[in-house]
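*Asks:* Coordinates for the following, if possible.
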Amino acid sequence: MSQAQQHRSGPPYAPTMAAVGGVPSVIPDVPISAVFIFLYMVFAATNMTIFQINNRRSHKFIPSVALFAFCMARVATLTLRIAWANRQTNIRLAIAANIFVNAGILIVYVVNLIFAQRILRAKQPSLGWHTALRIALKLLYVGIACALIMVITAVVLSVYSLDPYTLRACRAVQLTSGTYLLVFTTIPVFLTAAAYLLPRSPKEETFGDGRMKTKAAIVLTTVCLCMLTSGFKIGTAYAPPRALNDPAWYHGKAPFYVFNFTVEILILCVLTLSRVDKRFYIPDGSSKPGYYSDRVGSLSGSVREIKVEKERRHEDIISDSV
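*Replies:* You can find the predicted model right below:
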């Protein structure tokens, strides 16, 4: 144990290694955070308004709520950073702020995968609706939850322990979770590629408004931006640790705000302004091939109409006989 660690006060312990973004200060962190809070609030209000208007028209689109939740999570993240800037020695605030920085973007990762899955199901129904793929995607979602829990546990434990073995284990857990998240961000690329590179299916469907190629371009654009921010996080995490008084360029405030919040605002611009609520809408209860184009729903409606007509004729016959 180093001499610096021996003289540290009781837990939670202040970090001795440089981290991306460093310790926030009133200037410049508070005004920058305030600007981002305003932008996230605008997108939160926009997505919730879109959801409410669509919902009144029986056009339920849950991803709009997910984007609203993501924006509000980022408002909480930046609010915590402002509070931390005004109380720089408060380690608990630092822990909460760091956890929210890593957790919020996961919502967008999941939304991207859902959109890519819809494209695959429309272009390649036999593959997109296959039971094995469904199970695999569900396991990936479980993995996201596990990765988040592991990150939170490692972050909290690392500031409550001075044991070198524990700190190494926490770092290994964070690297493993970060690597998994980076891999997760790339999966929509493979699903979209499979949708277009495999032989064209005779049962191909369409859904929502606009061309399928435009939908694919939206997904790939947001995925690339997510890969950028996720790659920056894991790249800096794998870099050799630097002392608190000897940070690298990527530990600065500019990379922190650019590769996190600026990139996320760009993602929100793409998803919100392109009106994904119209482009990626599918009928409620879609659970098998034919539902996206509502062929199954139309068939079921026709069967119901035939049954109703038969019952009506049967009642007419009975009334006439009486």
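*Asks:* what bits of the protein have low per-residue confidence?
*Replies:* Within the chain, the stretches falling below the threshold (pLDDT under 70) are 1-10, 294-322.
*Asks:* Domain-wise, how is it divided?
*Replies:* 11-291, 295-322 (automatic domain parsing).
*Asks:* Which residue lies closest in space to Lys203, excluding its sequence neighbours?
*Replies:* The spatially closest residue to Lys203, leaving aside those adjacent along the chain, is Pro125, at 4.9 Å (Cβ to Cβ, 6 or more residues apart in numbering). C-beta here means a position set from N, CA and C on the backbone, and glycine is covered the same way.
*Asks:* same question, Tyr250
*Replies:* What sits nearest to Tyr250 in space, not counting adjacent residues and going by Cβ to Cβ, 6+ apart, is Thr236, at 5.0 Å.
*Asks:* hang on, the earlier thing: can you list the domains of the chain in TSV and add mean neighbour count?
*Replies:* TSV is the format used below for the domains of the chain (neighbours: other Cβ atoms under 10 Å):
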stretch	mean neighbour count
domain 11-291	17
domain 295-322	10
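*Asks:* Which helix or strand contains Ala172?
*Replies:* Secondary structure assigned from DSSP states H and E places Ala172 in helix 164-197.
*Asks:* Give the next helix or strand downstream of that helix.
*Replies:* Using DSSP H and E, the next helix or strand after helix 164-197 towards the C-terminus is helix 212-238.
*Asks:* that older thread, tell me who's in contact with the residue nearest to Tyr250.
*Replies:* By Cβ atoms under 8 Å, 6 or more residues apart in numbering, Thr236 lies in contact with Val20, Tyr250, His251.
*Asks:* Check whether the last one really touches Arg242, as I assumed.
*Replies:* So that's His251. Yes: because the distance of 6.8 Å satisfies Cβ atoms under 8 Å, His251 is recorded as touching Arg242.
*Asks:* Pull up the overlap in contacts between these two.
*Replies:* Ala18.
*Asks:* and the residue nearest to Lys203, what is it in contact with?
*Replies:* Neighbouring residues of Pro125 by Cβ under 8 Å, 6+ apart: Ser201, Lys203, Glu204, Glu205, Pro289, Gly290.
*Asks:* Which members of those are the farthest-apart pair?
*Replies:* The two members of the contacts of Pro125 with the most space between them (Cβ to Cβ) are Ser201 and Gly290, at 12.4 Å.
*Asks:* which residues touch the residue nearest to Leu113 when sequence neighbours are not counted?
*Replies:* Distances taken as Cβ to Cβ, 6+ apart put Pro188 closest to Leu113, at 5.4 Å, once the chain neighbours are dropped. By Cβ under 8 Å, 6+ apart, the contact set of Pro188 is Asn112, Leu113, Phe115, Ala116, Val219, Leu220, Val223.
*Asks:* measure Ile32 to Asn54 for me?
*Replies:* From Ile32 across to Asn54, the span is 33 Å (Cβ to Cβ, to the nearest Å).
*Asks:* likewise Tyr238?
*Replies:* Computed as Cβ to Cβ, the Tyr238 to Asn54 distance reads 42 Å.
*Asks:* for Arg92, same thing?
*Replies:* Noted for Arg92: a distance of 40 Å to Asn54, by Cβ to Cβ.
*Asks:* how far is the helix or strand harbouring Ala94 from where the chain is centred?
*Replies:* Take DSSP H and E as the rule and Ala94 turns out to sit in helix 91-103. For helix 91-103, the separation from the chain centroid amounts to 18 Å (computed by Cα atoms, centre = their mean, to the nearest Å).
*Asks:* what's it packed up against?
*Replies:* Of the remaining helices and strands, those touching helix 91-103 by 3 or more Cβ pairs under 8 Å, 6 or more residues apart in numbering; DSSP states H and E are helix 62-86, helix 131-158.
*Asks:* would CSV of those helices with distance to Met48 be doable?
*Replies:* Written out in CSV, the entries for the helices and strands packed on helix 91-103 read as follows (distance: least, Cβ to Cβ, whole Å):
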stretch, distance to Met48
helix 62-86, 5
helix 131-158, 24
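*Asks:* out of these, nearest to Ala172?
*Replies:* helix 131-158 (8.5 Å).
*Asks:* quick check: angle from the closest one to helix 164-197?
*Replies:* Taking axes from the mean of the first three to the mean of the last three Cα atoms, to 10 degrees, helix 131-158 and helix 164-197 form an angle of 150 degrees between their directions.
*Asks:* What angle do helix 91-103 and helix 131-158 make with each other?
*Replies:* Counting by the same axes, to 10 degrees, helix 131-158 lies at 160 degrees to helix 91-103.
*Asks:* Begin at 31, not 1, for the rest of this chat.
*Replies:* Renumbered: residue one is now 31, and that last one reads helix 161-188.
*Asks:* Can you give the contact residues for stretch 67-83?
*Replies:* Outside of stretch 67-83, the residues that reach it under the criterion Cβ under 8 Å, 6+ apart are 91, 94-95, 97-98, 101-102, 104-105, 108-109, 295, 298, 302, 305, 307.
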